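Undergrad: Compute the structure for the input listed below.
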Amino acid sequence: MGLDQYAFAVMPHKDNTDFDYGWNDDNIPADREVSKKIAQWRKHSDLQGYMEALYHRKRSEQGLEDISDDWQAFNCKDLRLTFQDILDLREAVTTKSLPHTEGFFFGATDEHHYAETATFIDDALKAISQDMEIYYSSWW
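TA: Next up is the predicted model:
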């Protein structure tokens, strides 16, 4: 058990939102992958804290219900990362200013997590340049 985190490059779709992507079996093009995993982390707790804060900020900006009191508010949720979100993440990783985050299943962030995240950032920017959308998800 523990915190598992993933990032996916997803084909754009009219039903994609900041919190879900809209592909289903009825509208998958035969010649393309709908989503491709581009990163995976294990117990990168500080990245989880960063993404959770971004999730709540985006929900608030969209006038959506505040679910921050729900103990599983950011567990098994999708979060779309825009080009600017990725650039902001790069800045936080470069300056090592991800928020220190703890949780029962979260473990602790260490130096290799920053290297993995830097690789993810490069891969995400490349995928965005190929007209893909980036989603982050976690499970703990």
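
Undergrad: Would you mark the buried spots in stretch 11-23?
TA: Neighbour-count burial for stretch 11-23, counted by 16 or more other C-beta atoms under 10 Å, picks out 11, 16, 18, 21, 23. In this view, the C-beta of every residue, glycine as well, is placed from N, C-alpha and C.

Undergrad: Now it: average pLDDT?
TA: Stretch 11-23 comes out with an average pLDDT of 87.

Undergrad: cool, and stretch 130-140?
TA: 95.

Undergrad: can you list the buried residues of stretch 11-23 in TSV and add secondary structure and distance to Phe120?
TA: TSV is the format used below for those (DSSP: H, G, I helix; E, B strand; the rest coil; distance: C-beta to C-beta, whole Å):
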residue	secondary structure	distance to Phe120
Met11	coil	19
Asn16	coil	20
Asp18	coil	19
Tyr21	coil	18
Trp23	coil	21
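
Undergrad: Specify which member of these is nearest to Ile38.
TA: Nearest to Ile38 out of these is Met11 (C-beta to C-beta; 13.3 Å).

Undergrad: And that closest one, how close does it get to Ile134?
TA: Distance of Met11 to Ile134, given as C-beta to C-beta, to the nearest Å: 12 Å.
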